[in-house]
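Novice: Task: produce atomic coordinates for the following.
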Amino acid sequence: MSYSEGSAPGNGQKVTLLLGENYNFEGREITFKKFNFSQEAMSAMMAGGDFEIGAVINIVFNETEKEVEIKMVNKAGERSFTEIEVLESELRLQLASLDASGKIEVNVSPLNSGEPRAASNEILTVEASIKPFIGLVWLGVIVTTLDFL
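Specialist: Model (predicted):
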């Protein structure tokens, strides 16, 4: 279903944001506003070329508002996620994954230059489902085979 490199900054946390949803991190309100996916990037993606998709995030702190963009960059089939440091709000944001349904995962941490960063952990999400009536399909195959014989 999805893949993320999962590198989490030190003293931070991974936050899942839906489109338009707010999250409060240590007195700063973080809102996922929209995707920034240009027509040229869409064409490049359809052609199998290099493209980037941005996630526009609004940060409100000390009655000040700042809009930033973090991106997923796809070059030669390899995905990478950008990280930005918002000095005014003393935050570090790194895109961990994004989903076309309007959901992103962001690693959020305070800017502490002396703190070591956590090791990178890759995350692969897979969905498995059970089909309760698959037995009827197999029964039909068996009956058809017996009928043929």
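
Novice: Helices of the chain, start to end?
Specialist: Using DSSP state H, the helices of the chain run over 39-46, 134-148.

Novice: Determine which stretch of those helices is the most buried.
Specialist: Each of the helices of the chain was scored by mean neighbour count; the highest is helix 39-46, a mean of 12, by mean count of other CB atoms under 10 Å. Backbone N, C-alpha and C define where each C-beta goes, glycine included.

Novice: For that one, name the packing helices and strands.
Specialist: Contact here means 3 or more CB pairs under 8 Å, 6 or more residues apart in numbering; DSSP states H and E; on that basis helix 39-46 packs against strand 51-61.

Novice: how far off helix 39-46 does the strand it packs on point, in degrees?
Specialist: Interaxial angle, strand 51-61 versus helix 39-46 (axes from the mean of the first three to the mean of the last three CA atoms, to 10 degrees): 130 degrees.

Novice: Give the other helices and strands that strand 51-61 contacts.
Specialist: Applying 3+ CB pairs under 8 Å, 6+ apart, we find strand 51-61 packed against strand 28-36, helix 39-46, strand 64-75, strand 91-99, strand 103-110.

Novice: quick one: contacts of the last one?
Specialist: Applying CB atoms under 8 Å, 6 or more residues apart in numbering, the contact partners of strand 103-110 are 4, 7-19, 23, 25-26, 30, 32, 55, 57, 70, 83, 90-98.
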